[in-house]
Each structure stands twice: as C-alpha cells, then as structure tokens.
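1. what follows is a predicted protein model with its sequence.
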Amino acid sequence: MTRLRKKKNISARMRACSAYWFEVPIMNRGSWRQACGMPENTPLYLELGCGKGRFAIETARRNPEICFIALEKEESVILAAIETACEEGLTNLFFLCADVVLLKNYFATDEVDRIYINFCDPWSRKNKPKRRLTYREYLETYKLLLKPDGDIHFKTDDRLLFEFSLAEFEIAGLGIRNVTEDLHASRWNEDNIRTEFEDKFAGQGIAIRRAEAFKRWLL
Ligand SMILES: C[S@@+](CC[C@H](N)C(=O)[O-])C[C@H]1O[C@@H](n2cnc3c(N)ncnc32)[C@H](O)[C@@H]1O
C-alpha cells in the first residue's frame, strides 16, 4: 500500500514537470533538437546514468548554447533532477527515464555530439563486465550515434573500471586523449563539474580518473 502511494506520488510529481522529460523518447529519434525547441545546429550532449542530475544541471546552466539530454533508468532518482530543472526554468535541459540498453531506439545515427558517462556502476563484485556502460557492445552503439567528430567523456573513481574502459575504447577503435588518474590535481580540474558520486568518493580520499574517447580517430 505504501509502495503504491509512493509510486502514485512520483507519477504526479513527474507529470507536474512534464515539459522537462519525454515519456516516449522513440518518437523523437532523429529530431531531438526540434523536439527540444532548439535550432538544428545546436550541439546535442547526452549523459548516461545521470543520477540526481547535479552534473547535467550545472553543465546546462554554464552552456546555454547546447541541448543537454540526461538519461537515468530509476524514476525515483531522476525525479529530483527533473524538479530542479523545472524550478530553475532551464530551457536547454531535458530528461529521459530510460535504460541505456535501448539507446539505439531513441537516437539516430550521427545525431549526438557528446556522451558523458560519470561514475557508472563498475559491476566488479558481481564480475559482470558486459554490464559496464563502457563495454565494447555499448561503445559500438555510442560510435553509431555520435557524429564523426563526436566524443565520450568518462569519469570514475574505480581504478579497475578505468583500466578496463581504456582497453575497451582501444578495442572499439576509438582514440583516447586527455587522460588523468587524478582529475582534481590535474589541469582539467578548473572546468570540472562535480557529480554527486564524485563528491562522495573524493570525500573518502579516492582519486578521480578521467578520459576522453573520440571518433575522428576512425576516419
Ligand atoms: C553510481 S550512480 C552515478 C550517478 C551520477 N552519474 C553521479 O556521478 O553522481 C549510477 C547511475 O546510473 C544509473 N544507471 C545504471 N545503469 C543504467 C542504465 N543501463 N541505464 C540508465 N541508467 C543507468 C543508476 O540508476 C544510477 O543512478
């Protein structure tokens, strides 16, 4: 009964912010800029697994010229992000409550300029590398959706996931640049926008790793 009430409450709150998220993302495949009310030449950035949205919100605030779409599979988590964007009246940030597994159904070939993957689940304890969002099969999808000069920005606290991801980028034929094993002590720190998990891990004294993978390498 309590769970049902909670779910109903989430749905009502989601409905109150309906201008900020797309219930049927498949409808906008290939026409996201138009769906978001932005000019056709607007750079389109995607964040996968945005959590409560701190990174997406701050990136959208600082870059009003881009169209930012943040994707998260948990409704109860993404709700906080949607409500903040709605309260602030951001006009360039939108959300999809959806699973990355279905990304190809939502975005068309060459539609996306950049993909952010911040602190994705490492799946190390359960030893399920295929579920990592940087596994080669996922990378093949990202390559398809990214424009020829598109790139992936990746951050993690997890050393093994970082090493795994760099190897997967190579296997996928992506170029790798701007790599650091300690982001907060690096030259990229000044422009860095911290995520919720980044703050949590950094607070525990864990170094944050960062890298970019790019497609132009493939041309
Ligand atoms: C460890 S949290 C990181 C959240 C946020 N990016 C941050 O750095 O604070 C990972 C998030 O990714 C979401 N997630 C995991 N797998 C996903 C998938 N296949 N599709 C969409 N979201 C996913 C989880 O629900 C969770 O909110």
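-> That came through, no problem. Computed from a predicted structure; not experimentally measured.

2. test my guess that residue 186 contacts residue 178.
-> No. With contacts defined as C-beta atoms under 8 Å, residue 186 does not count as touching residue 178, sitting 9.1 Å away. Yep, even glycine has a C-beta here, placed from its N, CA and C like the rest.

3. need the overlap of contacts for these two.
-> Residues touching both residue 186 and residue 178 by C-beta atoms under 8 Å, 6 or more residues apart in numbering: residue 210.

4. state the phi and psi torsions of the most centrally placed residue in the chain.
-> Nearest to the mean C-alpha position of the chain, by C-alpha atoms, centre = their mean, lies residue 47 at 1.5 Å. When read as degrees, to the nearest 10, the backbone of residue 47 gives phi -120, psi 130.

5. now do the same contact list for it.
-> Neighbour list for residue 47: 55, 56, 59, 68, 69, 70, 71, 115, 116, 117, 118 [criterion: C-beta under 8 Å, 6+ apart].

6. again with residue 172
-> Taking C-beta under 8 Å, 6+ apart, we find residue 172 in contact with 136, 139, 140, 143, 213.

7. out of the residues you listed, who's the most crowded?
-> Across the contacts of residue 172, neighbour numbers were computed from other C-beta atoms under 10 Å; residue 213 holds the maximum, 30 neighbours.

8. tell me if that residue really is in a helix.
-> No. Counting by DSSP: H, G, I helix; E, B strand; the rest coil, residue 213 is not found in a helix; it is strand.

9. which strand or helix spans the closest residue to residue 119 other than its chain neighbours?
-> Leaving aside its chain neighbours, residue 119 sits nearest to residue 197 (4.0 Å; criterion: C-beta to C-beta, 6 or more residues apart in numbering). Using DSSP states H and E, residue 197 maps to helix 196-203.

10. in that helix, what's buried?
-> In terms of neighbour count (16 or more other C-beta atoms under 10 Å), helix 196-203 has its buried residues at 196, 197, 198, 201.

11. surely the first one and residue 54 touch.
-> Yes. Applying C-beta under 8 Å, one finds residue 196 in contact with residue 54, separated by 5.3 Å.
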